[in-house]
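Chemist: give me a model of this one.
(chains A, B and C)
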Amino acid sequence: MRTWGLALALSACLPTSACVQTRQFADVQFTPPQGDYRLLVLRPDVSVGSLTTGGMVEPRADWTDQARANIIAALQAQQGQRGGKLQILERRNQLTGASEQEVADFERLFYAVGNSIVIHKYSGDYLPTKRGKGLEYTLGEDAVRLGQKTGYDYALFLHAEDSVASGGRIALGVLGLAGCIVGFCAPNIGGASQLDYAGLVDLKTGEVVWFNVVQAGSQVPGIAFGDLRTPAGATQMVDRLLNRMKPGLAVRRAAEKS
Amino acid sequence: MNRYLARLAILALGAVGLSACSSLGAGEYGYSSYALVRVHRVNVGDQSLSVVPPRPWNRHRSFLWSDVRDVEDWTLNGPYLDGISFVSGLKSGAYLIRQSKRADQQVPKFRSDMTPPEIVAMLETLYRVKGGAVDFRTLSLQPRPFLGTNGFQLDYEHLDSDELWRRGRAVGAVINGQLYLILYDAARSHYYAAALPDFESIVGSAQLRR
Amino acid sequence: MCGRCAALSRRSLLVGGGVAAASFGTGLAQARILPQEMVPLVGAGFKPTDKDEQGIWQLMDRAEEEISGSNLLIQDPQLTGYLRDLIGHVGGPAAKDFRIYLAHIPDFNAMMFPTGFAVVFSGLLLRMRNEAQLAGVIAHESGHFLRRHMIRSWRDQRRKTDIFSIAAMAAGVGGAAGGVYLGDYVQLAQLGTILSLFQYSRTMEAEADAMGAKLIAQAGYAPIEMANIWQQLIGEEDASARYRRKRRRRGSLFDTHPSSQSRMIDLRADAADVTEPGRAYETGRERYLSKIAGIRPTLLDDQVKLNDPGATQYLIETLAQDGWNGLLRFYEGEVWRLRNRNGDDVRAGQSYAAAVAYPDAPADAWRWHGITLMKAGRTAEAKTALTRYLTMKPDASDAAWVRQTIG
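Modeler: So this is what the prediction gives:
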């Protein structure tokens, strides 16, 4: 019974056309990192699966490996342009200066904070005290301590989830609510769909200074959309997520005045 | 019946409001389930208790499934990170939350002859059965005056299914056979300490309305 | 109260709605699967070659990383060592390399992942009466592994959904149906997907049962104990449902699991099949009880605090078949106290009074005994009991309140 209720509720949010949205929230004082900064990218959470005809997402190891490799390459290229040193953490025990448990706790706190950001900044259930104030979320003293122990200035959390229509799906060309019912949701089912988000934590203050969600969906199966399995698609996603970091409100206003 | 329909309508509107270009659209406009609490004296719960917050907070508007009238929830950063709950005038035989009478695992009802350890046990079961807590530890239970009578203060910690440790403090008393409780619960990392002064200020300001 | 309660319900995460492998569902009977026909389909060092299976294994590795780093694990080396020995013993040809994790979750459940690790919930340890039963559950899980049920189930589901049968899809949603929608931006979303794969068909459950019986018999455990697990479980569910004035869910044509009743019947026949005449079988009861003695108070505590009086009472009475003691009388009291119906405070008081007569009564028994006496107006006796409590636990968390009460 509950799945039907859920399906009905979700049916209210079907997209009406091919749309790419990216919405960023930044701390009002945020200036995108420049110069010689050290960036830690935590366990990029990447998965690419095949949308079967019936709408199930079939995880594909080869595609996921490809996508992860492409994202990492795109990240390194992009960060190389901006300057700065980059470490991409694949496993929790790879960070010198911090234990596995500390990395795990860090990730879990970010998960709670990130979830709160998505719910209260993106999904419409806003908190009146935070309205219009940019991003006012922090990971606190533990994040600062982690930064001090490991020597990093920023931590980037990355989640990229894509599903690509398999041959069967394209043939059928049916839109459905598949995926949403299976415990995780590919919100724009149709052809390819993407839900990616990134959050940047300033380890000197512990604050989440920047957060971005990218959601792209093609209504018509068969139209490829920033396919993460290709280097071009991965670059596009990284570009949408990171390259367009806009400075925070206060910084922009100061720049306008001068 | 009319109240039920009205709430259903509000809920439907809320769902429609969220559609736009899938779930990213709504941002900070439209209808939110939170309302602003300004810095002045407000009545909470069943309105028999009033408090003053030291800075603006967010009050969760009750909906179909969470409306025990005597309970009200506030938050600063969202319920995953912190929250203050007010229990005012909970009568003997009532429950803290709505639950099915036929559910296998249930939160016990409040009884007016409960001693503080029994109230603590009721809260612990609430966290374990409804809150997804896998581990719950009472850190301390001590007497504390509250609302002009002998009350108690409970400090506790719990581990939830999202792998996050949270810490809490509850101050309460049984007055005329009814439970009055102010409970503060937040992520142990940073968030608990950050708003604890707010909680203490709110508890200090609490008054019973005549 | 509890604004995030729905989202964080334990049931929505690791438990996956309780539909994971060793699940006690309902269903109609069908022809029994014979243990002698059950042979392992994988051996040591198995690695998948099919793309879909490789994809699933990748998710499994990520799941194992999450689980092994989880705060929800019980890390007691004695217990985990014991479980590891057990799985090596009955897990089949590849079992020496298996990992086994014990999660601090008071539900009766266990699951095995095809990459060779198992997760056992602490609620299982409370309900198993001897080593043979615990081995039986582990062997059952290994059966799913050895017969490659996960990938078969996945492919079945895939086929069904390709036929675009909504009903099949709805039946195949496993964890999500039992739990709560977590949202696609959740890191553990992968785990949710994985758990939704644990929707084994009736045939597969029956296969795992048969294989399990065979494995434990080979290892020298009395195979009838596997049937006894289901008998105990039926008793518990009946008691729980009876208390809530419901009927325990029985089988229907559309259920995908065999009913507890039919499993018990089939396992009795399986036990007869695999028993070699003249061979001595053991239950390992003493060994099991001594191994879990240390954790048993915690297990009882977790169970009691769920406030499911029918089930908890049944479990306590089952444990008491080995003899009542202070611990069990204390928890019996706790059941009444939390149940909190009219007259339960009196019942609880009687149990606490009985508990403190035993030498092994826990400190908390003295505290509740004292509070009961206090509420009955027997102040002097109450003070004695509460003082005794403080002597046993001078740094108890509620010492401040108790001291003020004693005056």
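
Chemist: could you pull up the mean pLDDT of the longest strand seen in chain B?
Modeler: The longest strand of chain B (DSSP state E) is strand B:133-146. On average, the pLDDT along strand B:133-146 is 92.

Chemist: do stretch C:124-136 as well
Modeler: Throughout stretch C:124-136, pLDDT has a mean value of 93.

Chemist: check whether that stretch comes near chain B.
Modeler: No: Stretch C:124-136 stays clear of chain B (CB under 8 Å from any CB of the partner chain), getting no nearer than 14.8 Å. Quick note: C-beta positions are derived from backbone N, CA and C, even for glycine.

Chemist: return the distance of that stretch from the chain's centre.
Modeler: 9 Å (CA atoms, centre = their mean, to the nearest Å).

Chemist: hang on, the earlier thing: show me what the next helix or strand after the longest strand of chain B is packed against.
Modeler: Going down the chain from strand B:133-146, the next helix or strand is strand B:149-160, by DSSP states H and E. For strand B:149-160, the packing partners by 3 or more CB pairs under 8 Å, 6 or more residues apart in numbering or on different chains; DSSP states H and E come out as helix B:116-125, strand B:133-146, strand B:165-175.

Chemist: now the first one against strand B:149-160, angle please.
Modeler: Using axes from the mean of the first three to the mean of the last three CA atoms, to 10 degrees, one finds that helix B:116-125 and strand B:149-160 are set 30 degrees apart in direction.

Chemist: what about helix B:116-125 and chain C, any contact?
Modeler: Yes: remark: helix B:116-125 sits within contact range of chain C at B:116, B:117, B:118, B:120, B:121, B:124, B:125, by CB under 8 Å from any CB.

Chemist: how many other residues sit next to residue C:235?
Modeler: 16 (other CB atoms under 10 Å in any protein chain shown).

Chemist: who's the closest spatial neighbour of it, skipping the chain neighbours?
Modeler: In this structure, residue C:235 finds its nearest non-sequential neighbour in residue C:314, 5.9 Å apart by CB to CB, 6 or more residues apart in numbering or on different chains.

Chemist: can you give the domain ranges for chain C?
Modeler: For chain C, automatic domain parsing gives the domain ranges C:5-274, C:294-406.

Chemist: out of the ones you listed, deepest packed?
Modeler: Highest mean neighbour count among the domains of chain C (mean count of other CB atoms under 10 Å in any protein chain shown): domain C:5-274, with a mean of 20.

Chemist: hang on, the earlier thing: rank the domains of chain C by pLDDT, which is bottom?
Modeler: For the domains of chain C, the weakest mean pLDDT is recorded on domain C:5-274, namely a mean of 71.

Chemist: quick one on the thing from earlier: the helices and strands packed on strand B:149-160: which one's closest to residue C:244?
Modeler: helix B:116-125 (15.8 Å; CB to CB).

Chemist: which other residues reach the closest one?
Modeler: Under the criterion CB atoms under 8 Å, 6 or more residues apart in numbering or on different chains, residues B:96, B:107-108, B:110-111, B:114, B:136, B:138, B:141, B:152, B:154, B:156, B:170, B:172, B:174, B:179, B:181, B:183, C:305-307, C:337-338, C:367-368, C:371, C:398, C:401 lie in contact with helix B:116-125.

Chemist: mind redoing it with 6 Å?
Modeler: The contact list for helix B:116-125 (CB atoms under 6 Å, 6 or more residues apart in numbering or on different chains) reads B:107, B:108, B:136, B:152, B:154, C:305, C:307, C:401.

Chemist: just send those back as CSV, with distance to residue B:44 too.
Modeler: Listed next are the contacts of helix B:116-125 as CSV, based on distance: CB to CB, whole Å:
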residue, distance to residue B:44
B:107, 21
B:108, 23
B:136, 25
B:152, 20
B:154, 19
C:305, 28
C:307, 27
C:401, 26
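
Chemist: of those residues, closest to chain A?
Modeler: Taking CB to the nearest CB as the measure, residue B:136 is the one of the contacts of helix B:116-125 closest to chain A, at 18.2 Å.

Chemist: neighbours around the closest one, how many?
Modeler: Applying other CB under 10 Å, we find 22 residues neighbouring residue B:136.

Chemist: list the contacts of it.
Modeler: The contact partners of residue B:136, by CB under 6 Å, 6+ apart, come to B:124, B:127, B:158.

Chemist: repeat that for 8 Å
Modeler: Contacts of residue B:136 by CB under 8 Å, 6+ apart are B:124, B:127, B:128, B:156, B:157, B:158, C:305.

Chemist: with adjacent residues omitted, what lies nearest to the third one?
Modeler: The spatial neighbour of residue B:128 that comes closest, neighbours along the chain excluded (CB to CB, 6+ apart), is residue C:305 at 5.1 Å.

Chemist: from residue B:133, how far off is that neighbour?
Modeler: In this structure, residue C:305 and residue B:133 are 10 Å apart, going by CB to CB, to the nearest Å.

Chemist: re earlier: dump the helices and strands packed on strand B:149-160 to TSV, plus distance to residue C:96.
Modeler: Formatted as TSV, those follow (distance: least, CB to CB, whole Å):
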stretch	distance to residue C:96
helix B:116-125	41
strand B:133-146	31
strand B:165-175	36
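
Chemist: so which of these gets nearest residue C:87?
Modeler: Set against residue C:87 and scored by CB to CB, those come closest in strand B:133-146, at 23.2 Å.

Chemist: what angle sits between the closest one and helix B:116-125?
Modeler: Following the same axes, to 10 degrees, one obtains 140 degrees for the angle between strand B:133-146 and helix B:116-125.

Chemist: please export the C-alpha coordinates of strand B:133-146 as PDB.
Modeler: Extracted C-alpha coordinates of strand B:133-146, given in PDB (Å, rounded to 0.1, in the frame of the first residue of the first chain):
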ATOM      1  CA  ALA B 133      17.900   4.700  18.100                       C
ATOM      2  CA  VAL B 134      20.000   1.700  18.400                       C
ATOM      3  CA  ASP B 135      21.700   2.600  21.600                       C
ATOM      4  CA  PHE B 136      20.500   5.000  24.300                       C
ATOM      5  CA  ARG B 137      22.500   6.000  27.300                       C
ATOM      6  CA  THR B 138      21.300   8.000  30.300                       C
ATOM      7  CA  LEU B 139      24.200  10.200  31.300                       C
ATOM      8  CA  SER B 140      22.600  11.700  34.400                       C
ATOM      9  CA  LEU B 141      19.300  12.200  36.100                       C
ATOM     10  CA  GLN B 142      19.200  14.900  38.800                       C
ATOM     11  CA  PRO B 143      16.700  17.000  40.600                       C
ATOM     12  CA  ARG B 144      16.100  20.500  39.100                       C
ATOM     13  CA  PRO B 145      13.400  23.100  40.000                       C
ATOM     14  CA  PHE B 146      11.100  23.700  37.000                       C
END
